[in-house]
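>>> A predicted structure for the sequence below; I have some questions about it.
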Amino acid sequence: MQGKPPGWPGISWIEGRTLLQIPNVKGQAEWRVGPGNKNDSPVFHNVAMANNRTRSVLLLGLAIRNKWLLNEGKLRVLDGLAASSLRSRRWLNELPPELAEQLDIISVDRDEESISWALANHEKHPPNNSNPEQLSIQKGDLRQIVYSGGWQWIDIDPYGSPIPFLDSAMQNLARKAILQVSATDTAALCGTYPQVTRRRYAAYAVNDTVTHDTAMRILLGNIALCAAKHERSIEPLMSVFDGHHTRVSVLVTPGKKNASNVYENLGWRVNEPDKKTIDASIKAGLHSFGCAKTPQPRVLLPYNSPPESLANGKVSGPLWIGPLARKDVLEQLTEEYALEICGISKEKDEYIISLAGWKDEDIEKSNRGIIRSIKRLHESKDAVGTNGLVTMDELPQWIDIGGPPSPKKLVVALKEQGFKASISVISTPAVQTNAQWDELIKIVKTII
């Protein structure tokens, strides 16, 4: 490599088990949970997206180990909006050698200084578990480089909306592939700015207590429709709303029949539904709460049975009405697996710990973050595919109780009665369950 970027080597930092140099700019080498500002540093290294990258490492490990995409040969992987290329470097550095050696990665960004820092990092800190030549760091546009085609894995992690990148990525996936998509324009996805939601995502979104769930479903709906245009279909593997961004990971497979059936997994969410609307949802198999005669917060409707009015402030959609994840994926996202792959150890990682000048409290914070990145996802496995979603803060409006119940206590009580239940993956305290509404009311009153 010719020369080093301005400000090199900056500051040493560790994410997961990977050492990197980042510019000596406030907010870069420190623990932070809020979103980063793209203009704060010459290289956009967003500390708040560490959990996002950790989940990507873990899911890629599961995909290779379980042979979801290929039985043999190397996976072609595109890290499409890579910035510092840390995600790609973590894939190669943290996955076990027998998994990492199966990767052939191209990491792309349009910013020349980001590429310069990425190349310098890759040269100074080559991966421990694989050949450095497995990663090619290139300056360019995802929408051009993707056209070499045949990608088994594409990561789209933009600063803003992923919509401009979806079509070109979908066209150039291999026959069986995983597409990971982030969106940081959560105000649009959550309906804060309705006109932007309509323009960008062709959807309505009610900004209510379950708006984070709505955001994930609107994003999945857009990806599903994009896939159908190219005679493909999607299956969500895991979906999260994490602080300031939405992130979904989907398995994409070919087939005209499933592509033609895309609208079977799309529909509408209606707030404060009347009896007729609740009945329609129950008949469509989309409302486990049942109890059509009892007032309830919301229901889902199939795409071909839209509500009478879409612009009345009570309707979200079109959106994905199928499961947000696959149970076998969530079952494997255990704390033990996460720490085995991404956790930092004083004994095994002594060298990089000393270079970064980390103390015991830094190691503990890092490993707590690794666990936190998957904990709620793993716990939600018990309620995958259920469609009863209710937030704790809204329950007093619908049930005669003095205040919101504890979601943990409610999940335990629901399970004791034989129902599926888990705390939802959305940021607002909420419970996902298959219990009927009248049973839910009874159980809530027993724990208040």
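Arrived safely, thanks for sending.
>>> and what about residue 176, helix, strand or coil?
When classified by DSSP: H, G, I helix; E, B strand; the rest coil, residue 176 comes out as strand.
>>> any buried residues in stretch 321-335, and which?
Residues of stretch 321-335 classed as buried: 321, 322, 323, 324, 325, 326, 329, 330, 332, 333 (neighbour count, 16 or more other C-beta atoms under 10 Å). Every C-beta, even on glycine, is put in place using the N, C-alpha and C of the backbone.
>>> that stretch: end-to-end distance?
29 Å (C-alpha to C-alpha, to the nearest Å).
>>> got a list of what the closest residue to residue 215 other than its chain neighbours touches?
Once flanking residues are discounted, residue 215 sits nearest to residue 189: 3.7 Å by C-beta to C-beta, 6 or more residues apart in numbering. By C-beta atoms under 8 Å, 6 or more residues apart in numbering, the residues touching residue 189 are 183, 197, 201, 205, 214, 215, 218, 219, 246.
>>> do that again at 6 Å, thanks
Contact partners of residue 189, counting by C-beta atoms under 6 Å, 6 or more residues apart in numbering, are 215, 218, 246.
>>> from those residues, which is closest to residue 358?
residue 246 (30.9 Å; C-beta to C-beta).
>>> which strands or helices does the helix or strand harbouring the closest one pack on?
According to DSSP states H and E, residue 246 maps onto strand 245-254. Strand 245-254 makes packing contacts with strand 173-183, helix 211-229, strand 232-242 when contacts are defined by 3 or more C-beta pairs under 6 Å, 6 or more residues apart in numbering; DSSP states H and E.
>>> quick one: average pLDDT of it?
Strand 245-254 shows a mean pLDDT of 98.
>>> what pairs with that strand, parallel or antiparallel?
Note on strand 245-254: by DSSP bridges, its sheet partners are strand 173-183 (antiparallel), strand 232-242 (antiparallel).
>>> ok, residue 282 - contacts?
residue 290.
>>> residue 418 versus that one, what's the distance?
Per C-beta to C-beta, to the nearest Å, residue 282 is found 20 Å from residue 418.
>>> verify the stated contact: residue 22 with residue 13.
Yes - here residue 22 reaches residue 13: they are 5.5 Å apart, a contact under C-beta atoms under 6 Å.
>>> out of the helices and strands packed on strand 245-254, nearest to residue 160?
Across the helices and strands packed on strand 245-254, closest to residue 160 is strand 173-183 (C-beta to C-beta), at 7.8 Å.
>>> and the closest one, which residues are buried?
Buried residues in strand 173-183, counting neighbours by 16+ other C-beta under 10 Å, are found at 173, 174, 177, 178, 179, 180, 181, 182, 183.
>>> same question for stretch 162-171.
Using 16+ other C-beta under 10 Å as the test for burial, stretch 162-171 gives 162, 163, 165, 166, 168, 169, 170.
>>> can I get the residues you listed in CSV including secondary structure?
Shown next, in CSV, are those (three-state DSSP):
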residue, secondary structure
162, coil
163, helix
165, helix
166, helix
168, helix
169, helix
170, helix
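>>> could I get those residues in a markdown table, plus columns for distance to residue 386 and pLDDT?
A markdown table is the format used below for the buried residues of stretch 162-171 (distance: C-beta to C-beta, whole Å; pLDDT from 0 to 100):
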| residue | distance to residue 386 | pLDDT |
| --- | --- | --- |
| 162 | 27 | 98 |
| 163 | 29 | 98 |
| 165 | 32 | 98 |
| 166 | 28 | 98 |
| 168 | 35 | 98 |
| 169 | 30 | 98 |
| 170 | 29 | 98 |
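>>> nearest residue to the middle of this structure?
Nearest to the geometric centre of the chain sits residue 247, at 2.5 Å (C-alpha atoms, centre = their mean).
>>> tell me the bridge partners for that residue.
residue 182, residue 240.
>>> residue 240 is in contact with that one, correct?
Yes - contact criterion C-beta under 6 Å: residue 247 and residue 240 qualify, at 5.2 Å.
>>> helix, strand, or coil at residue 137?
Going by three-state DSSP: residue 137 is strand.
>>> hmm, residue 86 and it touching each other?
No - using C-beta under 6 Å, residue 137 is not in contact with residue 86; the gap is 11.3 Å.
>>> how many other residues sit next to the residue lying closest to residue 334 once chain neighbours are set aside?
Leaving out its chain neighbours, the residue that sits closest to residue 334 by C-beta to C-beta, 6+ apart is residue 378, at 6.0 Å. Other residues within reach of residue 378, judged by other C-beta atoms under 10 Å, total 20.
>>> hmm, residue 335 and residue 378 touching each other?
No - using C-beta under 6 Å, residue 378 is not in contact with residue 335; the gap is 7.5 Å.
>>> where are the low-confidence patches of the stretch 1-150 of the chain?
The model of the stretch 1-150 of the chain has pLDDT under 70 over residues 1-2, 27-44.
>>> break down it into its helices, ranges please.
50-65, 86-94, 97-100, 112-124, 142-145 (DSSP state H, counting those that start in this stretch).
>>> in JSON lines: those helices, plus mean neighbour count and distance to residue 349.
Below are the helices of the stretch 1-150 of the chain laid out as JSON lines (neighbours: other C-beta atoms under 10 Å; distance: least, C-beta to C-beta, whole Å):
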{"stretch": "helix 50-65", "mean neighbour count": "22", "distance to residue 349": "15"}
{"stretch": "helix 86-94", "mean neighbour count": "27", "distance to residue 349": "11"}
{"stretch": "helix 97-100", "mean neighbour count": "16", "distance to residue 349": "16"}
{"stretch": "helix 112-124", "mean neighbour count": "20", "distance to residue 349": "17"}
{"stretch": "helix 142-145", "mean neighbour count": "16", "distance to residue 349": "32"}
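>>> now for these, which one comes closest to residue 264?
helix 50-65 (25.6 Å).
>>> mind giving me the packing neighbours of the closest one?
Short answer (3+ C-beta pairs under 6 Å, 6+ apart): helix 50-65 packs on helix 86-94, helix 335-342, helix 360-379.
>>> output those as JSON lines; include the columns distance to residue 257.
Formatted as JSON lines, the helices and strands packed on helix 50-65 follow (distance: least, C-beta to C-beta, whole Å):
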{"stretch": "helix 86-94", "distance to residue 257": "34"}
{"stretch": "helix 335-342", "distance to residue 257": "35"}
{"stretch": "helix 360-379", "distance to residue 257": "30"}
